[in-house]
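>>> Predicted model, plus sequence, below.
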Amino acid sequence: MTIDSNTAFVAYANKRGISGTAYNALRDAFMEGYDAATLPPATPDAAAPAWQPIANAPKDAMILLGRAKNEAEDLDAVSTAGRWQEGWEDSVDDMGCDSGFVDVDYQIFSPSRSFGAESHRHASTQPTHWMPLPDAPVAAAAGVVEGQAEATSGQGVKS
């Protein structure tokens, strides 16, 4: 089975959670040295994380939170980093909330508020699935980005 260079690189980067500037720099280096004859055949990775039901998600770690597309409620599929947040009661400076999962930006998933004035109560928006965060990029990938940064540091934007 022959694997084209793009497919091979995308699989490599996705497995390691590489994205953004590191992805672009590593892709360029990978494409220069790519040789399909030296790659082993593609096989499923049994150790790759998979989406799991939110009911068994850890409540003591940063994880990936996900939601499947929900046509009935007009919600798109989404995945983002997040964590469990314990609820708290109202204070002078803050309105409390119930316990639940929240995303890192507090924009997608939020716990409900089931107490206090009726006008301040709201339903939760919770994930349906979770998976562990991927491992951090390997040192070799970081070196490629540092080398690229040194090579482009003297270049400015032309007007």
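In hand now; what should we look at? Please read all numbers here as calculations on a predicted model, not as lab measurements.

>>> Parallel or antiparallel, which strands does the lengthiest strand in the chain pair with?
The strand spanning the most residues in the chain, taking DSSP state E as the definition, is strand 78-85. Paired strands of strand 78-85, with direction, are strand 63-67 (antiparallel), strand 100-103 (antiparallel) (DSSP bridges).

>>> Would you mind checking the average pLDDT for the longest one?
Average pLDDT, strand 63-67: 87.

>>> CA atoms of it as CSV?
Provided in CSV are the C-alpha atoms of strand 63-67 (Å, rounded to 0.1, in the frame of the first residue of the first chain):
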residue,chain,number,x,y,z
ILE,A,63,-9.6,17.1,29.1
LEU,A,64,-11.1,17.4,25.6
LEU,A,65,-14.8,18.0,25.8
GLY,A,66,-17.0,17.2,22.8
ARG,A,67,-20.6,17.4,21.6
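
>>> ok, and what's touching it?
Applying Cβ atoms under 8 Å, 6 or more residues apart in numbering, the external contacts of strand 63-67 come out as 51, 54, 57, 75, 77-83, 101, 103, 108-109, 127-133. Heads up, the C-betas are built off the backbone N, CA and C, glycines and all.

>>> Who are the contact partners of the closest residue to residue 130 other than its chain neighbours?
Excluding its sequence neighbours, the residue lying closest to residue 130 (Cβ to Cβ, 6 or more residues apart in numbering) is residue 57, at 4.0 Å. Residue 57 makes contacts with 63, 65, 84, 101, 127, 130, as judged by Cβ under 8 Å, 6+ apart.

>>> same thing with residue 122?
112-113 are the contacts of residue 122 under Cβ under 8 Å, 6+ apart.
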